[in-house]
Each structure stands twice: as C-alpha cells, then as structure tokens.
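Trainee: coords below, sequence missing:
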C-alpha cells in the first residue's frame, strides 16, 4: 500500500466516526516512528474531505525540566512517568472536546526548548471538528478513555534510532549524543510502555511504518476491518 492510500483509508475511517462532540484522534508511537508526519498527512486528508481539523502535539504539554529529570536525566522510568503534564493536557484539550465539554481549548501550555510556560490563546472548536494529536505514550491508562479513535505507528527500534540520528542532530548536538540518549533513556522507557500498556493492542489501526513510503495497515476489530496491506 502506498503512503497516500494508507492515509486516505485511515482518514475515511475517522470521518465515519460519529460523536455528538469533536472526534478526538490519537496518533501514538515511539520517538522517531514517523507519527508526526503521519498525523500531519492525516489532518490534510481529513480537511480535504471538508471537516475542520485541530492539530495538537503532546509536546506542548511537557513538564518543566526539573520535573522531567527528577528521577535522573537518563532514567527510562522518569521518561515514561514524568515527561508530560497529563492533567493540563486533559483539562485544556481532551475534556473540553469530549461529552458536554466547552469546546474551548488551548493547544499548548509549555515550551520544553525554553523550559517556560506558553501563553497560548483559547480557541473555540466546531462541534463536528476532528482533533488529531500526535505524541508518545498517548494510549496510556490516564488518557485512554479520552480518545474516540486510536492510531499506533509501529516501527522497529533500530529504524527509529536511524531516523533520530538525522532528526535530532541539531537538538542534541552530535550523533553520539543522540544515540546515547536514545539507548539510555528513550528506548528503554518506550519498551516499558510497550510491555506494560500494549498500545498496539488498544489501537483501532496500526501503521507498520518501517517502510516509510509503503506502510502496512493493520486494522483492528474495532477500527474497520482486519487486514494487512
């Protein structure tokens, strides 16, 4: 299946979801799996079908650095437990767009690059809009009930690391620093998430994204159909 076909089919499945409030979509996956790129393409396809789309990233809801590293800068458990402010994300995004919600949201509250709060504006969202959120750990128990559709972008860790060595070079300063951080903190923390939560088993559809241009699409029984292409 081509990338365009995969995006189109998932977009069609999302548009078919009926809710009395905006449809809240998670695009989950490990770091450097391609989830942000897939979420952006998905948003464009849903807009092409005539629906308003709100794009949000969990990256706008990081905890301050002191909180993120309180278990140690290289702690895998700290990466999983302390990276994000899920209370803020729920109160500013998921709950307002859920049943009986105000439909007034903020897309971000914190910038991890400057380690400072963000004064993002309050936005009103149309009742038939689609929220598409990308990020790691989105199908964890604290957030699971807040999603109306769940996408998991699946890659092997060696593929993710190879992509990170290019993507995160500027952020970390060198390929050696990128690899060290991924092997010490990120990959073990993500393995803990995969082993304890099993996000692929909770998804409506799994995107097998080792081959970026020709992904596999694995539909789960609650997503649309069971098929791998």
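Mentor: Thanks, I have the structure now. Keep in mind it's a predicted model, so treat the numbers as computed, not measured.

Trainee: how about low-confidence regions in this protein?
Mentor: Scanning the chain for pLDDT under 70 picks out 222-229.

Trainee: mind listing the helices for it?
Mentor: Assigned by DSSP state H, the chain shows helices spanning 3-15, 35-48, 65-68, 76-82, 86-89, 141-144, 157-167, 169-172, 175-181, 187-197, 199-202.

Trainee: so how far is residue 212 from residue 61?
Mentor: Distance, residue 61 to residue 212, by Cβ to Cβ, to the nearest Å: 27 Å. For the C-beta atoms, the positions are set from N, CA and C on the backbone; glycine is no exception.

Trainee: now residue 129, nearest residue through space, not along the chain?
Mentor: Excluding the flanking residues, the one nearest residue 129 by Cβ to Cβ, 6 or more residues apart in numbering is residue 52, at 4.0 Å.

Trainee: mind listing what the one you found touches?
Mentor: The neighbourhood of residue 52, defined by Cβ atoms under 8 Å, 6 or more residues apart in numbering, consists of 125-126, 128-130.

Trainee: and if you look at residue 127?
Mentor: By Cβ under 8 Å, 6+ apart, the contact list for residue 127 reads 20-22, 103.

Trainee: repeat that with 7 Å
Mentor: Each residue near residue 127 by Cβ atoms under 7 Å, 6 or more residues apart in numbering is listed here: 21-22, 103.

Trainee: just these now: which is nearest residue 205?
Mentor: residue 22 (19.3 Å; Cβ to Cβ).

Trainee: isn't that closest one right next to residue 123, touching?
Mentor: No - applying Cβ atoms under 7 Å as the test, residue 22 and residue 123 come out as separate, 11.8 Å apart.

Trainee: of those two, which one has the most company?
Mentor: Taking neighbours as other Cβ atoms under 10 Å, residue 22 and residue 123 compare with residue 22 leading, 24 against 12.

Trainee: picking that back up, out of the helices of the chain, nearest to residue 217?
Mentor: Across the helices of the chain, residue 217 has its closest neighbour in helix 3-15 (5.1 Å, Cβ to Cβ).

Trainee: and the angle for that closest one with helix 35-48?
Mentor: Calculated by axes from the mean of the first three to the mean of the last three Cα atoms, to 10 degrees, helix 3-15 forms an angle of 70 degrees with helix 35-48.

Trainee: tell me what helix 3-15 is packed against?
Mentor: Counting contacts by 3 or more Cβ pairs under 7 Å, 6 or more residues apart in numbering; DSSP states H and E, helix 3-15 is packed against helix 35-48, strand 205-208.

Trainee: any chance of those in CSV with mean neighbour count and distance to residue 178 as columns?
Mentor: Shown next, in CSV, are these (neighbours: other Cβ atoms under 10 Å; distance: least, Cβ to Cβ, whole Å):
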stretch, mean neighbour count, distance to residue 178
helix 35-48, 19, 17
strand 205-208, 23, 24
